[in-house]
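[1] heads up, no residue letters with this:
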Ligand SMILES: CCCCCCCCCCCCCCCCCCCCCCCCCCCC(=O)SCCNC(=O)CCNC(=O)[C@H](O)C(C)(C)COP(=O)(O)OP(=O)(O)OC[C@H]1O[C@@H](n2cnc3c(N)ncnc32)[C@H](O)[C@@H]1OP(=O)(O)O
Ligand SMILES: NC(=O)C1=CN([C@@H]2O[C@H](COP(=O)(O)OP(=O)(O)OC[C@H]3O[C@@H](n4cnc5c(N)ncnc54)[C@H](OP(=O)(O)O)[C@@H]3O)[C@@H](O)[C@H]2O)C=CC1
């Protein structure tokens with residue numbers, strides 16, 4: 001019997017960010033392994049014309065929750081969606097709902113965040129820092145609370161090369177930042193943002209670091225732990241391999257590469273690709289929830305959820321594996337054949353961007369115009385290149401994260417818990433994982449039918465032939481222009497033609513002699 005699964009039985013659990021990628025996988029695993037839990041409260045904001053109920057209905061009716069419905073048929077009754085906006089004071093939760101949350105919550109998993117790299121500092125602070133502070137204040141008023149698990153990121157201290165399981169202070173106190181956001185206007189915030197974030201690449205990593213400081217400062221008597229996952233990818237094993245439902249991290253780039261839009265990047269092939277499957281993060285999170293509640297460590301423990309030091313894979317190897325997966329599982333209607341060229345040279349990347357990305361987009365837009373359609377490829381390409389430039393920081397560096405707490409926890413688990421809540425990535429086979437990832441992107445993000453694979457393969461063959469034809473034509477035109485202008489080129493051409501003619505005559509003569 002799993003001790004962790006039993007621990008969550010009968011519990012009232014509060015999850016923020018439950019409608020996000022990680023939150024959904026967390027909720028699914030909780031229901032599947034502890035169907036006797038009392039209730040999961042989720043803080044949800046109405047969105048895109050959908051009511052809370054419609055959002056919950058959509059989640060529960062997704063493929064992700066198919067197994068849950070078998071083991072926990074009354075799952076609908078066990079989810080309690082609470083209308084909340086983490087950007088508002090008291091999260092805009094009604095008095096009655098707040099009372100219920102304060103009275104009954106046993107465990108909190110705080111997953112909500114803005115994960116956009118380019119978010120305005122005011123908004124990023126509001127969600128990643130102030131909301132964390134408010135949630136801790138709520139937590140301090142919960143008499144039945146046993147543990148508060150805060151999801152941060154392994155990149156909150158990406159300005160360092162080696163990162164220990166400690167909270168590194170930022171130069172300006174989070175409280176000062178929170179206060180200043182209230183009275184500074186946007187223009188001034190824009191001006192001071194680069195100074196505040198210092199050598200971090202974006203507001204996301206900076207505000208996640210501030211969030212951790214808030215957790216430490218406001219922990220009081222609450223049992224708190226922080227999880228720091230690296231780049232969260234599709235699921236590895238549970239509830240099935242390859243589940244992914246948003247474009248963040250590598251998923252969007254896999255689409256861009258598979259569709260042939262993105263063919264080269266500024267990346268360091270030998271840099272460690274610290275990807276971590278979503279289900280691994282969730283398993284560690286649930287194990288940490290149990291450990292924190294039961295063992296009540298004296299200080300805030302930090303758990304790095306990374307793959308690099310257990311089972312490293314670099315970007316070069318990973319890109320080759322992705323390309324190999326595209327051979328087996330091609331995406332439909334690719335723009336060009338997938339390719340993966342890496343360079344660390346800024347001039348080379350500018351040349352490649354011009355030749356491999358912008359020029360084909362311009363030619364295609366020209367073709368769209370000629371055929372009376374609206375050009376769109378150049379715009380799309382510019383947005384893609386902007387996205388890639390924001391991710392470049394993470395694909396050109398390697399980090400080392402110490403994992404003593406994660407390893408300690410692994411050794412604390414019973415063999416059954418190690419199996420049910422497996423977070424040991426040493427067992428992960430990257431080739432298999434990447435293949436399932438590409439399959440998942442095709443099925444769940446692009447919603448493409450597997451029956452279309454032969455047609456997609458045919459399309460790629462056609463693109464390869466067009467590519468060869470185009471290159472041959474380009475070569476012949478260039479050569480024709482050259483021999484028209486240069487005596488040396490003409491001499492070389494004459495030499496090649498006469499050499500070929502002599503070779504042909506020789507073979508013809510020798511074959512006549514044999515007869
Ligand atoms: C397994 C990987 C191998 C890759 C295989 C490739 C094979 C060969 C190809 C050759 C190239 C090789 C590439 C190799 C390496 C790539 C590896 C991937 C690197 C991943 C690094 C991630 C680092 C993460 C570190 C921190 C982790 C965290 O803690 S938090 C979670 C991470 N957060 C994010 O990922 C958010 C990032 N996104 C944003 O901040 C914003 O979306 C944006 C600023 C980038 C863009 O914002 P914008 O206002 O323009 O609008 P938005 O509406 O958001 O999107 C615009 C269009 O772009 C699409 N989009 C969004 N995100 C991505 C993405 N990650 N990749 C591609 N496309 C993306 C979005 O759908 C929009 O499209 P349109 O609607 O069509 O305009
Ligand atoms: N994905 C990754 O690669 C990594 C993620 N992490 C961390 O994991 C956590 C979860 O990330 P992930 O699931 O990928 O992110 P998502 O963007 O998929 O989910 C974010 C969640 O936060 C919710 N949220 C955002 N703003 C508000 C708001 N104002 N009020 C209420 N809820 C809000 C979203 O709700 P809604 O659906 O309404 O938008 C959504 O449920 C984050 O803390 C992130 O920092 C850490 C490392 C890597």
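    Cool, got the structure. As the structure is a prediction and not an experimental result, all values here were calculated from the model. Ligands and ions are numbered 1, 2, ... in the order given.
[2] residue contacts, the nearest residue to residue 312 once chain neighbours are set aside?
    Nearest non-adjacent residue to residue 312, counting by C-beta to C-beta, 6 or more residues apart in numbering: residue 272, 5.2 Å away. No exception for glycine: its C-beta is placed from N, CA and C like everyone else's. Residue 272 makes contact with 308, 312, 313, 314, 315, 398, 399, according to C-beta atoms under 8 Å, 6 or more residues apart in numbering.
[3] just grab the bridge partners of residue 272 for me.
    Beta-bridge partners for residue 272, by DSSP bridges, are residue 314.
[4] where does it sit relative to ligand 2, distance-wise?
    Applying C-beta to the nearest ligand atom, to the nearest Å, the value for residue 272 to ligand 2 is 15 Å.
[5] about what we covered before: grab the two from the contacts of residue 272 that are most spread out in space.
    With distances taken as C-beta to C-beta, the most widely separated pair in the contacts of residue 272 is 313 and 399, at 14.2 Å.
[6] residues contacting the residue nearest to residue 215 when sequence neighbours are not counted?
    Excluding its sequence neighbours, the residue lying closest to residue 215 (C-beta to C-beta, 6+ apart) is residue 150, at 5.1 Å. Residues counted as contacts of residue 150 (C-beta under 8 Å, 6+ apart) are 110, 132, 211, 212, 215, 224, 225, 226, 227.
[7] what about these, which are in strands?
    Counting by DSSP state E, those place 110, 224, 225, 226, 227 in strands.
[8] pretty sure residue 304 sits in a strand.
    Yes. Looking at residue 304 with DSSP: H, G, I helix; E, B strand; the rest coil, it is inside a strand.
[9] and the gap between the closest residue in space to it that isn't next to it in sequence and residue 392?
    In space, and not counting its chain neighbours, residue 304 is closest to residue 401: 4.1 Å by C-beta to C-beta, 6+ apart. Distance of residue 401 to residue 392, given as C-beta to C-beta, to the nearest Å: 21 Å.
[10] of these two, who's got more company?
    residue 401 (23 against 16; other C-beta atoms under 10 Å).
[11] surely that one touches residue 229?
    No. Residue 401 sits out of contact with residue 229 when judged by C-beta atoms under 8 Å, with a separation of 10.4 Å.
[12] coming back round to it: helix, strand or coil for the residue nearest to residue 215?
    Assignment for residue 150 (three-state DSSP): strand.
[13] and residue 62, how many neighbours?
    Residue 62 has 14 nearby residues by other C-beta under 10 Å.
[14] got the phi/psi numbers for it?
    phi -80, psi 160 (degrees, to the nearest 10).
[15] with residue 327 instead?
    phi -60, psi -40.
[16] quick check: the gap between it and ligand 2.
    In terms of C-beta to the nearest ligand atom, residue 327 sits 27 Å off from ligand 2.
[17] next up, the contacts around that residue.
    Contacts of residue 327 by C-beta under 8 Å, 6+ apart: none found.
[18] now swap in residue 323 and tell me
    Neighbours of residue 323 in contact, by C-beta under 8 Å, 6+ apart: 257, 338, 339, 340.
[19] buried among the residues you listed? Make that a ChimeraX selection.
    Buried subset of the contacts of residue 323, written as a ChimeraX selection, criterion 16 or more other C-beta atoms under 10 Å:
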select :257,338,340
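[20] among the contacts of residue 323, which are in strands?
    Among these, no member lies in strands (by DSSP E).
[21] what about the residue of the stretch 251-400 of the chain found nearest ligand 1, which helix or strand?
    Taking C-beta to the nearest ligand atom, ligand 1 has its nearest neighbour within the stretch 251-400 of the chain at residue 252, 2.2 Å off. Assigned by DSSP states H and E, residue 252 belongs to helix 250-258.
[22] for the helix or strand just after that helix, packing partners?
    As assigned by DSSP H and E, the chain's next helix or strand after helix 250-258 is strand 264-266. Under the contact criterion of 3 or more C-beta pairs under 8 Å, 6 or more residues apart in numbering; DSSP states H and E, strand 264-266 touches strand 341-343, helix 346-352, helix 377-395.
[23] and of those, who's closest to residue 204?
    helix 377-395 (9.8 Å).
[24] ligand 1 contacts on this structure?
    115-118, 153, 155, 231, 247-250, 252-254, 256-257, 262, 265, 267, 315, 318-319, 322, 340, 380, 383, 387, 390-391, 394-395 (C-beta under 6 Å from any ligand atom).
[25] which residue, other than its chain neighbours, is closest to the one residue in the stretch 301-450 of the chain that gets nearest to ligand 2?
    Ligand 2 sits closest to residue 305 of the stretch 301-450 of the chain, with a gap of 8.2 Å, by C-beta to the nearest ligand atom. Among residues not flanking residue 305 along the chain, residue 229 sits closest, at 4.2 Å (C-beta to C-beta, 6+ apart).
[26] what sits against that neighbour?
    Contacts of residue 229 (C-beta under 8 Å, 6+ apart): 22, 151, 153, 154, 276, 281, 305, 306.
[27] just checking, the first one touches residue 279?
    This points to residue 22. No. If you go by C-beta under 8 Å, residue 22 and residue 279 don't touch, sitting 9.9 Å apart.
[28] please identify which of the two sits among more neighbours.
    A direct count of neighbours by other C-beta under 10 Å for residue 22 and residue 279 places residue 279 higher, at 26 against 23.
[29] care to break this protein down by domain?
    Here the domain assignment for the chain is 3-241+281-311+399-414, 242-280+312-398+415-447, 456-514, based on automatic domain parsing.
[30] all helices for the stretch 101-250 of the chain, in order.
    121-125, 131-139, 174-183, 186-197, 203-217, 250-258 (DSSP state H, counting those that start in this stretch).
[31] which of the ones you listed sits most buried?
    Highest mean neighbour count of the helices of the stretch 101-250 of the chain: helix 203-217, a mean of 24 (counted as mean count of other C-beta atoms under 10 Å).
[32] so what does that one touch, helix or strand wise?
    Counting by 3+ C-beta pairs under 8 Å, 6+ apart, helix 203-217 packs on helix 121-125, helix 131-139, strand 147-151, helix 174-183, helix 186-197, strand 224-229.
[33] now what about it, what contacts it?
    By C-beta under 8 Å, 6+ apart, helix 203-217 touches 113-121, 124-125, 127-129, 132-133, 136, 150, 152-153, 155-158, 167-170, 173-175, 177, 193, 196-198, 200, 224, 226, 300.
[34] ok, the residue nearest to residue 215 to residue 157 distance?
    Taking C-beta to C-beta, one finds residue 150 at 15 Å from residue 157.
[35] what do you get for residue 428?
    Counting by C-beta to C-beta, the gap from residue 428 to residue 157 is 25 Å.
[36] so which of the two has more stuff around it?
    It is residue 157, of residue 428 and residue 157, that has more neighbours when counted by other C-beta under 10 Å, with 24 against 19.
[37] contacting residues around that one?
    Contacts of residue 157 by C-beta under 8 Å, 6+ apart are 163, 168, 209.
[38] ok, residue 385 next?
    353, 357.
[39] now whatever residue of the stretch 1-150 of the chain ends up closest to ligand 2. Nearest residue, chain neighbours left out?
    Using C-beta to the nearest ligand atom, the single residue of the stretch 1-150 of the chain nearest to ligand 2 is residue 20, 2.0 Å away. Spatially, and ignoring its direct neighbours in sequence, residue 20 is nearest to residue 111 (6.1 Å; C-beta to C-beta, 6+ apart).
[40] count of residues packed around that neighbour?
    Neighbours around residue 111, by other C-beta under 10 Å: 24.
[41] what does the protein put close to ligand 2?
    17, 19-23, 43, 45, 47, 84-87, 111-115, 127, 151, 153, 208, 229, 231-232, 246, 248-249.
[42] tell me the angle the host helix or strand of residue 474 makes with helix 250-258.
    For residue 474, the element it lies in under DSSP H and E is helix 453-485. Orientation of helix 453-485 against helix 250-258 (axes from the mean of the first three to the mean of the last three C-alpha atoms, to 10 degrees) gives an angle of 60 degrees.
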